[in-house]
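Student: Return a 3D structure for these sequence lines:
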Amino acid sequence: MLEPLFLKPVFQEKIWGGTKLKEEFDYPLESDQVGECWAISAHPHGVCTIENGPFKGEKLDELWKNHPELFGNPNEEVFPLLTKILDAADDLSVQVHPDDLYGKEHEGELGKTECWYIISADEGSEIIYGHHAKSKEELEEMITSGDWDHLLIRIPVQAGDFFFVPSGTIHAIGKGIMILETQQSSDTTYRVYDYDRKDDAGNPRELHIQQSLDVTTIPHVDPILGIQQENQGESSITTFIKSDYFNVYDWSVSGVLNVKTTAPYTLVSVLDGFGYVYLNDEAEKIEIKKGQHFILPTSVEKVRLEGDLKIIASEPGTKNR
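Tutor: From the prediction side, this is the model:
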């Protein structure tokens, strides 16, 4: 197969969601509290549907199972990655995710290492990224006493910033931020603190203090990214992260950009602009535009992009090949 697999996203309402997914990407949304666009997903909580070609109408999880040749005949039982766009109209809960071992034992699914590309951020916006506790006992004491100002590390952010969030990292996306998130295909989240918010029934939202204490990395250490950029005239490829679970890139196209794929498949999200993609050395051009998401199957070895485009691309890391 030599064409992209375009996907129909799945949208999730959230207590902290807003309207930017509709306003910025023109997605057909009726709710004013849509927090997440599951753009490329085979997770059972939100499975995307193929929108084109011979597999049109098929679910991504079914395609992964029935046509593994499209993905390089992988060993994994489940599609290992998930791409989201999040609109934080309000602060997300302070949370932490387990690693694979804990996730599989306690939740029956993968752990959750993720990363964030900041699409936009209101002036003064910030994230929570890490903590100051030096021991598990100190972490428990500060959580129990609600000493959030001394426990949590807050970082101002702006559009274009990138953060790697390994499992075990206490984190939260702040109000006024829109991000593209690349993550393991997991929906396990342990809430540490939720600003005493209540759910639709008026009950305090559930916290997961013991699980959080079990899985949080102590002390917090900022990962070293080693971001690299390759320029092609006015266009560029920026390598944000190469990890066990995923590699993530920024493809900025101003004119022409040539990309050689090295992974069994590549996930692509068009965050801005309009242009065309040519696969391998084929002369046929395929139109792509802001808000589209697609997978390049294993048969695609070369990509030529033309136009004015901002793209975040990802591929499976060393553990998923």
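Student: what's the model's confidence in stretch 25-37, averaged?
Tutor: Taken as a whole, stretch 25-37 has a mean pLDDT of 97.
Student: which stretches of the protein form helices?
Tutor: For the chain, the helices defined by DSSP state H occupy 20-25, 60-66, 100-106, 136-145, 148-151, 209-215.
Student: Kindly reformat those helices as CSV containing distance to residue 32.
Tutor: For every residue, glycine as well, the C-beta is placed using N, CA and C. Listed next are the helices of the chain as CSV, based on distance: least, C-beta to C-beta, whole Å:
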stretch, distance to residue 32
helix 20-25, 9
helix 60-66, 28
helix 100-106, 33
helix 136-145, 33
helix 148-151, 28
helix 209-215, 31
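Student: Which among those helices is found nearest to residue 314?
Tutor: helix 60-66 (14.8 Å; C-beta to C-beta).
Student: dump the residue contacts of residue 193.
Tutor: If a contact means C-beta atoms under 8 Å, 6 or more residues apart in numbering, then residue 193 has 93-94, 143, 146, 148, 207 as its contacts.
Student: So what's the residue count around residue 196?
Tutor: 8 (other C-beta atoms under 10 Å).
Student: Could you tell me which residues make contact with the nearest residue to it once chain neighbours are set aside?
Tutor: Leaving aside its sequence neighbours, residue 196 sits nearest to residue 204 (C-beta to C-beta, 6 or more residues apart in numbering; 6.7 Å). With contact set as C-beta under 8 Å, 6+ apart, residue 204 has these partners: 194, 196-198.
Student: which residue sits closest to residue 36 in space, ignoring its chain neighbours?
Tutor: Nearest one to residue 36, counting by C-beta to C-beta, 6+ apart, is residue 12 at 4.1 Å.
Student: Residue 154 and residue 128 touch, don't they?
Tutor: Yes - counting by C-beta atoms under 8 Å, residue 154 touches residue 128, with 5.8 Å between them.
Student: If you count surrounding residues, which of those two has more?
Tutor: Comparing residue 154 with residue 128 by other C-beta under 10 Å, the one with more neighbours is residue 128, at 24 against 14.
Student: What's the local residue count around the closest residue to the more buried one other than its chain neighbours?
Tutor: Once flanking residues are discounted, residue 128 sits nearest to residue 172: 4.0 Å by C-beta to C-beta, 6+ apart. By other C-beta under 10 Å, 23 other residues sit near residue 172.
Student: my read: residue 172 touches residue 92, true?
Tutor: Yes - at 5.0 Å, residue 172 counts as touching residue 92 under the criterion of C-beta under 8 Å.
Student: follow-up on the earlier one: just so I know, which of the helices of the chain lies nearest residue 258?
Tutor: Nearest to residue 258, of all the helices of the chain, is helix 20-25, at 26.7 Å by C-beta to C-beta.
Student: What's the mean pLDDT across stretch 189-209?
Tutor: For stretch 189-209, mean pLDDT rounds to 92.
Student: got a list of contacts for stretch 68-82?
Tutor: By C-beta under 8 Å, 6+ apart, stretch 68-82 touches 1, 5, 38, 40-43, 60-61, 63-64, 110, 182-186, 245-246, 263-265, 267, 297-299, 314, 316, 320-321.
Student: Which of those residues are buried, as a ChimeraX select command?
Tutor: Those of those that count as buried under 16 or more other C-beta atoms under 10 Å are selected in ChimeraX with:
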select :5,38,40,41,42,43,60,61,63,64,110,182,183,184,185,186,245,246,263,264,265,267,297,298,314,316,320
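Student: Next step: the contacts of stretch 68-82 restricted to strands.
Tutor: Those of the contacts of stretch 68-82 mapping onto strands are 5, 38, 40, 182-184, 246, 267, 314, 316, per DSSP state E.
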